[in-house]
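**Student:** Quick check, what structure comes out for this input:
(one chain, ligands or ions: 2)
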Amino acid sequence: MGTNAIAVAIDGPAAAGKSTVAKIVANELGYIYIDTGAMYRALTLKVLRKQIPLNEDKAITNLLANTDIQLKQSDSSQHVLMDEEDVTSAIRSEHVTNNVSYVAKHAIVREEMVNRQRELARKRGVVMDGRDIGTHVIPDAEVKIFLKATVEERARRRYEENVQKGFAADLEKLKEEIEQRDRIDSKREVAPLVQANDAIELDTTDLSINDVAAAILEKVNKVLKNRGG
Ligand SMILES: Nc1ncnc2c1ncn2[C@@H]1O[C@H](COP(=O)(O)OP(=O)(O)O)[C@@H](O)[C@H]1O
Ligand SMILES: Nc1ccn([C@@H]2O[C@H](COP(=O)(O)OP(=O)(O)O)[C@@H](O)[C@H]2O)c(=O)n1
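**Tutor:** Residues are numbered from 1 along each chain as shown. Ligands and ions are numbered 1, 2, ... in the order given. Here you go, the predicted structure:
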């Protein structure tokens, strides 16, 4: 990684392919990858375990203050540690998925998460994905991407993923859950899911994973070339 390393912000709705391509792009560039959704998911897992009502913003904020969340990168996979427990799979459960947007909408929860995320992105050479990265977390990111795809295609992708993992899956239900989460994420008052003015929009509906990664890498390489790196 040269001294010219940049920040790449990847935002978009649920199951648009953010984390899959962010990992590939980070790997290709030798940058670190930060999955901000995993941080909200880890907190949500703890909230659910402690049976804290989802509207109790103070209790949830206090809980977050006492929660250590680490994103650990080993060669090909990323592990999420919550208070030293490996919660990588637990945070992908349907229960967490269907509750995370209620936890993530609280202003003071987001403030603390954004502080932690900015700390992680302090050094350039980072690819970060989420909902508010280009608009709030790293507004000066040199490359901002907004990934989208039709909700039908996104539901189909999650369906395939579940089937491959051997989970029960219902395409129509997945579609409704994705729509519901996008609605809450887009309508919240603080840092909603919205495309940054200076983000490049990529509709991935008819693109392969490699096509999307290649398109992002092309933008990054153009920026790096202009910077002389
Ligand atoms: N361009 C694409 N074409 C086909 N499948 C894709 C594409 N991008 C991602 N996927 C698949 O769709 C699913 C959701 O992608 P993921 O990266 O988890 O999305 P997000 O991080 O935006 O929620 C994964 O199973 C992934 O392999
Ligand atoms: N920067 C972020 C990232 C995630 N989130 C919240 O966390 C949830 C899970 O994010 P995720 O990226 O893991 O979601 P998927 O699209 O991968 O299912 C989102 O639906 C948002 O409610 C957020 O509010 N801000």
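
**Student:** Name the residues of stretch 155-175 that come out as buried.
**Tutor:** Residues of stretch 155-175 classed as buried under the neighbour-count rule (16 or more other Cβ atoms under 10 Å) are 155-159, 162, 169, 174-175. (Glycine included, C-beta is placed from N, CA and C.)

**Student:** That stretch and ligand 1 in contact?
**Tutor:** Yes: using Cβ under 6 Å from any ligand atom, we find that stretch 155-175 touches ligand 1 at 157-158, 161.

**Student:** Quick check: end-to-end length of that stretch?
**Tutor:** Terminal residues of stretch 155-175 are spaced 5 Å apart (Cα to Cα, to the nearest Å).

**Student:** secondary structure class for the closest residue in space to residue 124 that isn't next to it in sequence?
**Tutor:** Nearest residue to residue 124, sequence neighbours excluded (Cβ to Cβ, 6 or more residues apart in numbering): residue 5, at 4.3 Å. Using DSSP: H, G, I helix; E, B strand; the rest coil, the structure places residue 5 in coil.

**Student:** is it true that residue 5 touches residue 26?
**Tutor:** No: counting by Cβ atoms under 8 Å, residue 5 does not reach residue 26; the two are 11.2 Å apart.

**Student:** Which neighbours do the two have in common?
**Tutor:** Counting by Cβ atoms under 8 Å, 6 or more residues apart in numbering, the residues touching both residue 5 and residue 26 are residue 126.

**Student:** Those two: which is more packed in?
**Tutor:** residue 26 (22 against 19; other Cβ atoms under 10 Å).

**Student:** To which secondary structure element is that one assigned?
**Tutor:** Element membership of residue 26, judged by DSSP states H and E, is helix 18-29.

**Student:** Helix or strand next in line after that helix, which one?
**Tutor:** Next along from helix 18-29, by DSSP H and E: strand 32-35.

**Student:** buried stuff in that following strand?
**Tutor:** 32-35.

**Student:** Next one: the residue nearest to the spatial centre of the chain relative to ligand 1, how far apart?
**Tutor:** The C-alpha lying nearest the average C-alpha coordinate of the chain belongs to residue 130 (Cα atoms, centre = their mean; 3.1 Å). The gap separating residue 130 from ligand 1 is 9 Å, by Cβ to the nearest ligand atom, to the nearest Å.

**Student:** partner residues bridging that residue?
**Tutor:** Residue 130 forms beta bridges with residue 11, as assigned by DSSP bridges.
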